[in-house]
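A.B. asks: Generate coordinates for the sequence data below:
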Amino acid sequence: MITQNAILELSGCNGFTFADVNLALTIAKLSRDGSAEAGIAAALASRMLRDGHVCVDIMDVVANPHFYFVQPDGSGFSELITGDFPDALLRSAMVGMPGDRRPLILDRNMLYLERYFTYEENVAKRIIRLSKCENTVSIDDHLLDALFETQFDADQRDAVSHAVAKRFTVISGGPGTGK
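C.D. replies: Take a look at the predicted model:
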């Protein structure tokens, strides 16, 4: 079992801020069973937001704790996380499943702060709804052919045609690919 003293030691780990540690302490105090696992998980989820991720893969944390808990001297802090960590989270009153209203949401192996789970779920629902809508705009193939005859390649022409025909389109590609 992780103790609250271990949470305080997070402040010495690379990437964890004062806010992460305070969130962890708050979640641990609110947890009915007195364990700090949910606090550690909340600190991880909070830290991942700064790295551009809305969630953290708990099984990756268990497999690679040294990646998530590195102290300034380069030493690990991996004794915090054991194979029991996912089960301990599920036992915590602070962790819920999709549809629950808890501070942390565990969806399969992915752990979210509840707010970001809700954001991601709402975006997914909107994308699904838009992708099912029929578009009433038609495109003149002759005009499109004329536009793409010399300046662009066939993949770009197809992307434009698809984007006009659908209510929702994702166009991706590396730098310089003409998105």
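A.B. asks: What segments of this structure are strands?
C.D. replies: 55-57, 95-96, 104-107, 110-113 (DSSP state E).
A.B. asks: okay, the ones you listed in a markdown table with mean pLDDT and mean neighbour count next?
C.D. replies: (Glycine included, C-beta is placed from N, CA and C.) Shown next, in a markdown table, are the strands of the chain (pLDDT from 0 to 100; neighbours: other CB atoms under 10 Å):
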| stretch | mean pLDDT | mean neighbour count |
| --- | --- | --- |
| strand 55-57 | 96 | 19 |
| strand 95-96 | 95 | 21 |
| strand 104-107 | 96 | 21 |
| strand 110-113 | 97 | 22 |
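A.B. asks: what's the closest non-adjacent residue to the most centrally placed residue in the chain?
C.D. replies: By CA atoms, centre = their mean, the chain has its centre lying nearest to residue 54, at 2.5 Å. In this structure, residue 54 finds its nearest non-sequential neighbour in residue 116, 4.3 Å apart by CB to CB, 6 or more residues apart in numbering.
A.B. asks: Could you measure from the residue of the chain positioned farthest from its centre over to residue 29?
C.D. replies: Residue farthest from the centre of the chain, counting by CA atoms, centre = their mean, is residue 142 at 43.2 Å. To residue 29, residue 142 is 68 Å away according to CB to CB, to the nearest Å.
A.B. asks: where are the low-confidence patches of this structure?
C.D. replies: Counting by pLDDT under 70, the chain shows low-confidence ranges at 1-4, 34-35, 72, 74-80, 150-152, 178-179.
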